[in-house]
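[1] Here you go, sequence then predicted model.
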Amino acid sequence: MATEQDKAAVRRWFVDGARDSSVFDQVLAPNVVMHVGGMPEPLRGVEEVKGLQKMMSSAFPDLNLTVDEMVDQGDTITVQWSGKGTHAGELRAPNGMTIPPTGKRVTFNATDIVRVADGKIVDDQSGFDIPGLLGQLGPRIAR
């Protein structure tokens, strides 16, 4: 069963980490691996994960993530989360395309399976819907 420390780390990872990547040094294991649907390769290590956070917070400066539900499954925690923000900065899509700011407000939901060891996140299998997000920014972008 996940400890309260494990659950707190996961909650901070989503809620506080969305706007402050310094949180990652406290809640992520140095060798963390993050698998994001739609991305060709997993992110490996805290610095690569910080790079994704920096890109997302630059593209959506008012980004707000909410943990809607957490289900304890031993050494893994399934997290249903949602987010919203305004596309006010440049966004790099996984295919390398750069999307200039559209000013559009977006909302999204995802489910992640997060593995925790010793109070640190070591693996995240993210079900973040990148095509759904891109589709909200414009029909040509989602293709």
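    Happy to help now that I have it. Here the structure is a predicted model, which is why all the values come from computation and not from measurement.

[2] For the closest residue to residue 25 other than its chain neighbours, grab the count of nearby residues.
    The shortest distance from residue 25 to any non-neighbouring residue, by C-beta to C-beta, 6 or more residues apart in numbering, is to residue 46 (6.4 Å). Backbone N, C-alpha and C define where each C-beta goes, glycine included. Other residues lying near residue 46 total 19 when counted by other C-beta atoms under 10 Å.

[3] Then residue 120?
    18.

[4] And the pLDDT for it?
    Predicted confidence (pLDDT) for residue 120: 93.

[5] how about it, phi and psi?
    phi -120, psi 140 (degrees, to the nearest 10).

[6] For it, give the beta-bridge partners.
    residue 117 (DSSP bridges).

[7] quick one: contacts for it?
    Counting by C-beta atoms under 8 Å, 6 or more residues apart in numbering, residue 120 makes contact with 9, 27, 28, 29, 32.

[8] Going by distance to residue 17, which of those residues wins?
    Among those, residue 27 lies closest to residue 17 (C-beta to C-beta), at 7.1 Å.
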